[in-house]
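> Structure for the following, please:
(one chain, ligands or ions: 1)
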Amino acid sequence: MEFKDLVQMRRSHRKFTEQEIDGDDVKTILRAGLMSPTSKGQRSWQFVVVDDKTDLEKLSDAKDLGGQFLKGAALAIVVLGDPLQNDCWVEDGSIAAISMQYQAEALGLGSCWVQMRGRGLSDGTSADTVIQGVLDIPENLHCLCILAVGHKADERKPQNEDRLKWENVHLNKF
Ligand SMILES: Cc1cc2nc3c(=O)[nH]c(=O)nc-3n(C[C@H](O)[C@H](O)[C@H](O)COP(=O)(O)O)c2cc1C
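Just a heads-up that it's a prediction; the model follows:
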């Protein structure tokens, strides 16, 4: 598939079948993240791949809203960075995450970004605290997002070419 078609086909998928993801596909997805560009070539992100059902369920409760479907994913990829070590940890993590999402799509798999940075529970517990506890993550590493990945259980329409916000694009001057 040409890249211009891939970007049109990629949509967020939140419903997945029970089918596991082939090990080679998991590696190919991670490879895309590991090949992504980083500030100063630091490549300081860390990724935790989670396929343990109990832990997936716990991760789905790391914030109040918007992440419950993680428990139905075959796999979660937890994207981490160290803000004290890398002032571009958000940018580096974001680029790695979307690279992995496009690779997942290219393999016919569905994925969705679940925001964790700045999120948490209504009792004031941060998502970071929950995630660090569940996955034994050192305190200096913060979670940007968790990617839910799996075989698609729903169909989504490709992006509508007619709804692209071309008005947000400016030529030469704003
Ligand atoms: C920074 C960011 C945070 C997001 N957080 C969540 C989230 O917490 N839960 C969720 O279900 N989707 C989340 N999404 C997915 C968006 O809702 C989705 O990309 C958007 O609605 C556009 O739909 P599409 O991806 O199907 O084109 C997030 C996407 C981005 C880029």
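> Tell me the residues of this structure that contact the ligand?
By Cβ under 6 Å from any ligand atom, the residues of the chain that approach the ligand are 11-12, 14, 66-67, 112-115. (Each C-beta comes from the backbone N, C-alpha and C, glycine too.)
> what are the pairing partners of the strand ranked longest in the chain, and which direction each?
With secondary structure taken from DSSP state E, the chain has its longest strand at strand 142-150. Partners of strand 142-150 in the sheet, by DSSP bridges, are strand 75-81 (antiparallel), strand 110-115 (antiparallel).
> out of the ones you listed, nearest to Cys143?
Among the strands paired with strand 142-150, strand 75-81 comes nearest to Cys143, with 5.7 Å by Cβ to Cβ.
> so Asp25 sits right up against Leu109, yeah?
Yes. In terms of Cβ atoms under 8 Å, Asp25 counts as a neighbour of Leu109; the distance is 6.8 Å.
> With neighbour count and pLDDT added, can I get the residues of the chain next to the ligand in CSV?
Converted to CSV, these look like this (neighbours: other Cβ atoms under 10 Å; pLDDT from 0 to 100):
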residue, neighbour count, pLDDT
Arg11, 16, 98
Ser12, 13, 98
Arg14, 21, 98
Gly66, 14, 97
Gly67, 23, 97
Cys112, 23, 98
Trp113, 18, 98
Val114, 26, 98
Gln115, 14, 98
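> List just the nearest of the residues you listed to Asp162.
Taking Cβ to Cβ as the measure, Asp162 sits nearest to Arg11 out of the residues of the chain next to the ligand, at 16.1 Å.
> Can you name the residues bridging to the residue nearest the centre of the chain?
Geometric centre of the chain, nearest residue: Leu147, 2.8 Å, by Cα atoms, centre = their mean. Beta-bridge pairing for Leu147 (DSSP bridges): Ile77, Trp113.
> quick one, what contacts it?
Shown in contact with Leu147 (Cβ atoms under 8 Å, 6 or more residues apart in numbering): 76-77, 79, 97, 100-101, 104, 111-114.
> do the same with Leu80
Neighbour list for Leu80: 45-48, 93, 137, 141-144 [criterion: Cβ under 8 Å, 6+ apart].
> Kindly present these as a markdown table, with separate columns for distance to Ala127, neighbour count and pLDDT.
Shown next, in a markdown table, are the contacts of Leu80 (distance: Cβ to Cβ, whole Å; neighbours: other Cβ atoms under 10 Å; pLDDT from 0 to 100):
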| residue | distance to Ala127 | neighbour count | pLDDT |
| --- | --- | --- | --- |
| Trp45 | 17 | 23 | 98 |
| Gln46 | 16 | 14 | 98 |
| Phe47 | 17 | 17 | 99 |
| Val48 | 14 | 19 | 98 |
| Gly93 | 14 | 26 | 99 |
| Ile137 | 12 | 17 | 98 |
| Leu141 | 13 | 21 | 98 |
| His142 | 9 | 23 | 98 |
| Cys143 | 6 | 28 | 98 |
| Leu144 | 10 | 22 | 98 |
